[in-house]
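K.L.:
requesting a structural model of the entry that follows:
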Amino acid sequence: MDLVLVNSPIHDYSRYPRYESSYSTPVGLLYVATSARNAGFDASILDAEHRQLAPAEIAAEINSMSPRVAGFNTFSINFAIVERITELIDPHIRIVIGGPHVSNMPAGHFGARLRRAQIMVRGDGESTIVDILRERHPSTIPGIYFRDALGMTVATAPAADISLDELPIPDRTMLPTEPYWRDGRRWMDISISRGCVFTCKFCAGSCRSNGTTYRRRSAESVVAEIHHLISNHQVQGIQIVDDLPFNGRAQLLDFLDLLEKERISLSWELNFPLQFLRKLSAVDIARMKALGVSRVSFGIESGSLQTRRVMGKFAKEEELFQVVRTLAECEISAKGYFVIGFPGESQLDMELTIDLARRLHAVGGSFFRPRIFMFKPMPGSALWQSLLAAGHSMDELLDYADFELERTYYNKHAWGTNRKYALVPPNVIQEMINDFYTSIGEQD
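P.N.:
I've put the predicted structure just below:
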């Protein structure tokens with residue numbers, strides 16, 4: 001076998017309790033694996049997160065397959081888990097890592113971390129993996145870090161952006177979980193864009209944070225994939241997994257026009273930023289529902305208008321309530337994301353956020369699910385840079401906290417931090433979030 005790509009586990013399942021969670025397709029890995037297959041290589045995907053495999057179990061499966069190359073998607077919250085997995089892999093297997101953590105961290109970080117990885121891919125991986133499998137010398141492959149003969153981490157020139165329309169439709173036969181079932185329907189996930197134009201200070205997904213460009217697929221490309229999924233997989237629902245699938249109201253309305261023109265009748269789930277969502281009329285939202293949109297997710301972030309503005313969010317409170325109310329009236333489920341514990345944030349500001357989440361939940365009822373998370377500094381974000389400038393080390397900023405067995409709902413399902421950035425310590429923030437979920441009826 002030439003290549004095994006691993007959808008890396010978000011938690012260490014040797015200690016984290018396995019639980020029933022919603023399924024999410026590793027779309028990015030599917031694109032990379034499909035590109036490798038189309039170039040004539042034998043490639044497969046090991047979905048370790050879906051199967052909730054422990055590090056030793058993952059390494060054992062890879063070693064038994066004995067591929068030439070094992071590749072891992074790596075996020076900042078789980079890079080230490082990926083590091084442990086790679087240390088258990090047989091030395092003759094070449095290790096390649098990619099994903100947001102690689103793209104957003106400097107070469108020097110990898111001098112001491114993830115030492116087993118020989119190549120680290122920054123940005124798009126579809127053409128890069130083909131170059132690696134063809135055994136081009138790393139110094140000639142753009143868009144990577146690699147270890148030279150002395151073990152030093154070397155950065156090559158940035159790679160040119162890939163045209164998304166030139167990418168093949170992902171080969172979903174590589175995943176036995178596809179399609180997956182939700183609400184009694186057959187679902188699959190697609191990606192129609194990469195990057196994000198916004199500059200939210202806590203987020204590392206902004207193009208300004210990671211040096212990428214915002215790109216979208218053409219309508220023709222998207223329609224071709226939709227019809228492929230309907231004809232070949234009999235899908236009944238599609239989730240668009242991108243952070244910013246539509247850059248504004250006009251692009252969303254163009255998509256709705258496309259669904260009408262092509263007579264596509266499916267259920268849809270998508271992310272749509274609050275900055276755009278608040279500009280939709282009740283007629284727009286009713287049309288979304290009529291054309292199959294069943295779920296929308298968006299970030300609210302804070303109950304403090306001042307904090308929202310500092311973080312790059314400009315919606316007023318009355319606009320938030322109008323959006324949630326209209327979505328509920330149209331029976332579109334919504335998920336609103338909040339963050340507490342921003343640097344310098346007071347307990348009063350955090351209580352304002354929790355109070356806003358609770359009031360929006362009361363207005364939206366069963367159609368609005370608030371999700372509250374603890375702030376974590378993410379590499380590449382504006383707040384990450386500010387904290388570095390304030391004297392924090394990278395190791396401190398990467399000191400994330402997974403669950404503890406004795407803790408309750410929130411801590412078993414999301415990462416936090418061991419460091420104090422707000423004016424109150426992390427354990428107080430954890431208890432505030434636990435109390436909130438208990439108050440709205442979500443608990444163990």
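K.L.:
how about low-confidence regions in the stretch 251-400 of the chain?
P.N.:
Applying pLDDT under 70 to the stretch 251-400 of the chain flags no residue at all.
K.L.:
that one: strands as residue ranges?
P.N.:
267-271, 293-301, 333-340, 368-374, 400-401 (DSSP state E, counting those that start in this stretch).
K.L.:
residues in contact with the shortest one: which ones?
P.N.:
In other words, strand 400-401. If you take CB atoms under 8 Å, 6 or more residues apart in numbering as the criterion, strand 400-401 is touched by S76, I77, K376, W415, G416, T417, N418, P426. Glycine gets a C-beta too; all of them are placed from N, C-alpha and C.
K.L.:
to what extent is the nearest residue to G98 once chain neighbours are set aside buried, counted in neighbours?
P.N.:
Closest residue to G98 apart from its sequence neighbours, by CB to CB, 6 or more residues apart in numbering: V121 at 3.7 Å. Applying other CB atoms under 10 Å, we find 27 residues neighbouring V121.
K.L.:
what's opposite V121 in the beta bridge?
P.N.:
V121 forms beta bridges with I144, as assigned by DSSP bridges.
K.L.:
ok, it touching V102?
P.N.:
Yes - counting by CB atoms under 8 Å, V121 does reach V102; the two are 6.3 Å apart.
K.L.:
coming back round to it: let me have the strands of the stretch 251-400 of the chain in a markdown table, adding distance to E135 and mean neighbour count as columns.
P.N.:
Formatted as a markdown table, the entries for the strands of the stretch 251-400 of the chain read as follows, by distance: least, CB to CB, whole Å; neighbours: other CB atoms under 10 Å:
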| stretch | distance to E135 | mean neighbour count |
| --- | --- | --- |
| strand 267-271 | 39 | 20 |
| strand 293-301 | 42 | 22 |
| strand 333-340 | 43 | 21 |
| strand 368-374 | 42 | 21 |
| strand 400-401 | 36 | 18 |
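K.L.:
okay, those in JSON lines with distance to P26 next?
P.N.:
Below are the strands of the stretch 251-400 of the chain laid out as JSON lines (distance: least, CB to CB, whole Å):
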{"stretch": "strand 267-271", "distance to P26": "17"}
{"stretch": "strand 293-301", "distance to P26": "18"}
{"stretch": "strand 333-340", "distance to P26": "20"}
{"stretch": "strand 368-374", "distance to P26": "21"}
{"stretch": "strand 400-401", "distance to P26": "21"}
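K.L.:
go ahead and confirm A36 touches I45.
P.N.:
No - using CB under 8 Å, A36 is not in contact with I45; the gap is 10.5 Å.
K.L.:
those two: who's more crowded?
P.N.:
A36 (24 against 21).
K.L.:
hey, where'd the helices end up in the stretch 251-400 of the chain?
P.N.:
Using DSSP state H, counting those that start in this stretch, the helices of the stretch 251-400 of the chain run over 274-277, 282-290, 305-310, 317-329, 347-364, 382-389, 394-397.
K.L.:
ok, now how distant is Y214 from I192?
P.N.:
According to CB to CB, to the nearest Å, Y214 and I192 sit 12 Å apart.
K.L.:
these two: which is more packed in?
P.N.:
Neighbours were counted for Y214 and for I192 using other CB under 10 Å; I192 has more, 23 against 16.
K.L.:
please report phi then psi for the more buried one.
P.N.:
phi -120, psi 0 (degrees, to the nearest 10).
K.L.:
re earlier: so which of the helices of the stretch 251-400 of the chain is nearest K261?
P.N.:
With CB to CB as the criterion, K261 lies closest to helix 282-290 of the helices of the stretch 251-400 of the chain, at 13.9 Å.
K.L.:
which residues touch the closest one?
P.N.:
R249, L252, L253, L256, L280, V296, T326, L327, E329, C330, E331, I332.
K.L.:
could you rerun that using 10 Å?
P.N.:
Residues from elsewhere that reach helix 282-290, judged by CB atoms under 10 Å, 6 or more residues apart in numbering: 249, 252-253, 255-257, 259-260, 268, 270, 272, 277, 280-281, 293-294, 296, 322-323, 325-327, 329-332.
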